[in-house]
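> Quick check, what structure comes out for this input:
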Amino acid sequence: MNSKTVKLHEGKRVLFLTKDPALIRSQLEGELDLRMEDLDVADLLDDINTDAMTPAWACFNHRPEDIAVHAYAGLVVDGERLFEDRALLDGGFEVIVSGERKGVGSSRETAVQAEKWSGIRVAIADSFAPIHARNNINQGVLMAGHDVLVRLQAGEEVPLDAFLEGYDPITRLIVERGGLFPFYRALEKGEVALPSLKTGPRPLNMAEKMIANHLLEGQGTEYLQPGDAVLVNVDGGYSHEFTTAQIHHFLQQECGESYTVKDPSKFAVFEDHLIYADGVARMAPFSDKIERLRDLQRGFQQHTGVRDYSAVDGKSPGICHQVAREEFIEPGDFIQATDSHTCMGGGNNAFAFGVGSTEYAALIQSGFTFIRVPESIRFELTGTLPDDCAAKDIMLWILWRFARDGHTLDRVMEFGGEGLRSLDMDERATLANMATECSAKSGICEADEETIRWLSQRRPEQSAEALRERCVSPDPGATYAGGVHAIDLTGLRPLVATPGDPDKGVPSDPTNGAFIDDIGSVRIDIAYGGSCTAGKETDIDLYARVLKDAVDAGRKVAEHVSFFIQFGSRHVEAYASARGYQSLFETAGVTVVGPGCGACIGCGPGVSSEHGQVTVSAINRNYRGRSGPGSLYLASPLTVAASAIAGHIVAYRHGMFASVTA
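Presented below is the predicted three-dimensional model:
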């Protein structure tokens, strides 16, 4: 970016995304132009998620200019799209305005690309979700608050510094250069100098310590504090068929057809997200584009030599996050991948988080990446979970109690305490996985002997001592900007998140009470157990526990309910088979689905097909349209299985079916 000031171009427009759909339509149709003075911030849409900006099917295009055609195709009101194809592209807009937490949800950089390639160069909001904000920065899209928009609409040439407030020195350099790739080129040519760290000795929390352990040489002290801007070596990462084609495309554009990857053995590709898309009727029109994405990923893998987790005979090895934790994420690792649930690796005592395609392309080509040291918030777990609860209930509680008020926003969620040690590794992975639903940077679980035991079973080539040496724990006296919060697991009760957003839990009294009872009788049509969050070995055990209770009582899945259980990986599928669960599931009337993402991404069995359908699901997010057009409630594996038998949403209690006739 050459200019040191920013001014609205003559003839260009500002689009306000308001809570009133009629106002949006009037602007898109050219009938209305608004000014910030005409509105209150409260009139603007909050929590615009990336699924609304670019729904899954729009991402079947890997070229940004094609994605822009479908910008905001997922913003639906009363079953109708607010934005028709090309509405943003042809509207002449260069500024887009919304309320709080713009860009929550999936890490898909396509959301930013849809705006940028439609002509948007400035995004205005009260706050931005962390990954989305980073994607804007990497793509060279400026961000600011509503006060800056008032100045722009008044005709002022606003200094670029107004768009850089609160940025660290390296982020400022990236913005000044116009994006991540231009910054990397300038760095390679020696045109920019990295700032030197000046933080003195201080106790470090887990995220700070893991970053410090990966610093590139020549940046000064080994001590860090939140806000420090650094470049770090990356231990590994991965992409999947939804994102790999775009990475390939960007690297060809930036580095030429013969580009190389720094260390292919550290990185991988997965065929998991779209493995069952061919079986979903609404995906049929996109079959050619989906196959093209698969072909481009195969080409990328052959070109780079990265680890290959492609489907074999149409069967996926599993969901990338689950397979990665099973096979190659180690304690203390610094991991980045092109998916917001990359943070699931934090269950292995690693620092892992999702990034956009641009950032991932740059880091696999260079071997290092940029990070601004984040703040942390610690959850000290005590007690043990009741039999009717699972780790999913812990996260729904944290979403309701902490995330909705922004306490976790862009912070690393650190989990520890004797309550954490009472959870197995799969349940810990659930805690880390759903950090992204909290709009957190990542989630990290403290390691213990259970961590070593679990990893040793899956890493026979490594000694327990070698794994133990890799583990990272916080220093005594470490600082947590978000505070340290004790959660007594013993007092937890089953929760459910109502349709629209995972932080919409419904406890009437946060100290006691059967939270699910608060929603009344909700009849369901679909129950789904699967995804990276709920397709692990322990999750399968939980479904099986409920179904065995039901079968022993002569019950099975309610006649009007379709219950799907999907395995997170081939290892989980083998685990279920070895325990005879397949036969139990069949007897109970469950439809079993092979490894893959499936319904969670709207591309597999378990997706609703009609607006009137109701689903209770163990996936991690329930944004409108995420898993079909119907209403989607989130709950634990125990609740999902019990609800499938009962025919309506209900919390599980051992023996609950014995006294009720079918």
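
> the helices in the stretch 301-450 of the chain, which residues?
Assigned by DSSP state H, counting those that start in this stretch, the stretch 301-450 of the chain shows helices spanning 320-327, 357-366, 391-401, 418-421, 425-433, 449-458.

> Now render these as CSV, adding mean neighbour count.
C-betas here are computed from N, CA, C, even on glycine. Below are these laid out as CSV (neighbours: other Cβ atoms under 10 Å):
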stretch, mean neighbour count
helix 320-327, 27
helix 357-366, 25
helix 391-401, 25
helix 418-421, 19
helix 425-433, 27
helix 449-458, 16
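
> Asp308: which of these is closest?
Asp308 lies closest to helix 320-327 among those, at 11.9 Å (Cβ to Cβ).

> which strands and helices sit next to that closest one?
Applying 3 or more Cβ pairs under 8 Å, 6 or more residues apart in numbering; DSSP states H and E, we find helix 320-327 packed against strand 236-240, strand 267-270, strand 334-337, helix 425-433, helix 531-534, helix 570-578.

> between the helices of the stretch 301-450 of the chain, which one is nearest to Phe83?
helix 357-366 (22.4 Å).

> For the closest one, list the C-alpha coordinates in CSV.
Provided in CSV are the C-alpha atoms of helix 357-366 (Å, rounded to 0.1, in the frame of the first residue of the first chain):
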residue,chain,number,x,y,z
SER,A,357,-5.1,-20.1,2.8
THR,A,358,-2.8,-17.1,2.2
GLU,A,359,-1.1,-17.5,5.6
TYR,A,360,-0.8,-21.3,5.2
ALA,A,361,0.6,-20.9,1.7
ALA,A,362,3.3,-18.5,3.0
LEU,A,363,4.2,-20.7,6.0
ILE,A,364,4.6,-23.9,4.1
GLN,A,365,6.8,-22.2,1.5
SER,A,366,9.0,-20.4,4.1
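
> OK, contacts around the most centrally placed residue in the chain?
The residue lying closest to the centre of the chain (Cα atoms, centre = their mean) is Ser340, at 2.7 Å. Contact analysis of Ser340 by Cβ atoms under 8 Å, 6 or more residues apart in numbering lists Gly105, Ser106, Ser107, Ile131, Gly354, Thr436.

> picking up where we left off before, let me have the helices of the stretch 301-450 of the chain in TSV, adding distance to Leu215 and mean pLDDT as columns.
Listed next are the helices of the stretch 301-450 of the chain as TSV, based on distance: least, Cβ to Cβ, whole Å; pLDDT from 0 to 100:
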stretch	distance to Leu215	mean pLDDT
helix 320-327	23	97
helix 357-366	15	93
helix 391-401	31	94
helix 418-421	28	98
helix 425-433	23	98
helix 449-458	25	97
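
> so which of these gets nearest Gly594?
helix 320-327 (13.2 Å).

> Pull the residues that contact the closest one.
238, 240, 268, 270, 272, 309, 317-318, 335, 337, 339, 341-342, 344-345, 347-348, 429, 433, 458, 532, 535-536, 568-569, 571-572.

> 6 Å - rerun?
With contact meaning Cβ atoms under 6 Å, 6 or more residues apart in numbering, helix 320-327 is reached by 238, 240, 270, 272, 317, 341, 344-345, 348, 458, 532, 568-569, 571.

> Repeat that for stretch 272-281.
If you take Cβ under 6 Å, 6+ apart as the criterion, stretch 272-281 is touched by 240-242, 283, 290, 311, 316, 319-320, 596-598, 601, 603-604, 607.
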